[in-house]
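Q: here's my sequence, what's the structure:
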Amino acid sequence: MSKVRSLLAGAAGRCPNCGRGPLFQGFLRVAPQCAACGQDLKAADSGDGPAVFVILIAGFLVAFAALFTEVAYSPPVWVHLVVFLPLAAVVCLGLLRPMKGVMLAAQFVNKASEARHD
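A: Numbers count the residues shown, from 1 in each chain. The predicted model follows:
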């Protein structure tokens, strides 16, 4: 598969090698191997990378929306709490799985591995 197709497969939660088998076993747990092609997936580790990107993207979107709402309408503080806290949670949870899939697919495409100094 091409690099772009592998990254798109990762974003969709599919194996970056074949694009058919599931990448995840549960919400964020990586499957030990691809059910379709047998690719070993247990060595893949995205670390904190997806969380960092999700926080930056969701923080920008939600903070911009909250600031725009404050300037345009001046609602009470409880409106911000009721609207923007759940919105932040939904955006973060919605982006976390696709972002982790993209990061794992990027490792696969670039043949990244942990550096060892044994």
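
Q: so what's the residue nearest to Gln25 when sequence neighbours are not counted up against?
A: In this structure, Gln25 finds its nearest non-sequential neighbour in Ala31, 4.2 Å apart by C-beta to C-beta, 6 or more residues apart in numbering. All C-beta atoms are positioned from the backbone trio N, CA, C, and that covers glycine. Residues near Ala31 by C-beta atoms under 8 Å, 6 or more residues apart in numbering: 21-25, 41.

Q: list the buried residues of the helix or strand containing Ala9.
A: Using DSSP states H and E, the element containing Ala9 is helix 3-11. Across helix 3-11, burial judged by 16 or more other C-beta atoms under 10 Å covers 6-11.

Q: rewinding a little: buried subset of the contacts of Ala31?
A: Buried members of the contacts of Ala31, scored by 16+ other C-beta under 10 Å, are 21-24, 41.

Q: can you tell me which of those are in strands?
A: Per DSSP state E, strands hold no members of the buried ones among the contacts of Ala31.

Q: rebuild the residues you listed as CSV, extending it with distance to Lys111 and pLDDT.
A: Formatted as CSV, those follow (distance: C-beta to C-beta, whole Å; pLDDT from 0 to 100):
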residue, distance to Lys111, pLDDT
Gly21, 19, 95
Pro22, 22, 95
Leu23, 17, 95
Phe24, 21, 95
Leu41, 14, 90
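
Q: just give me the closest of these to Ala66.
A: Using C-beta to C-beta, Phe24 is the member of these that lies nearest Ala66, at 31.2 Å.

Q: doesn't Leu96 make contact with the closest one?
A: No. With contact defined as C-beta atoms under 8 Å, Phe24 does not reach Leu96; the gap is 11.0 Å.

Q: how many other residues sit next to Pro50?
A: Pro50: 20 surrounding residues under other C-beta atoms under 10 Å.

Q: nope, Gly101 is what I meant
A: Using other C-beta under 10 Å, Gly101 has 26 neighbouring residues.

Q: from here on, count from 50
A: Okay, residue one is now 50; in that scheme the one you just asked about reads as Gly150.

Q: if I look at it, what pLDDT would I see?
A: Looking at Gly150, its pLDDT is 96.

Q: which strand or helix spans it?
A: Counting by DSSP H and E, Gly150 is found in helix 126-158.
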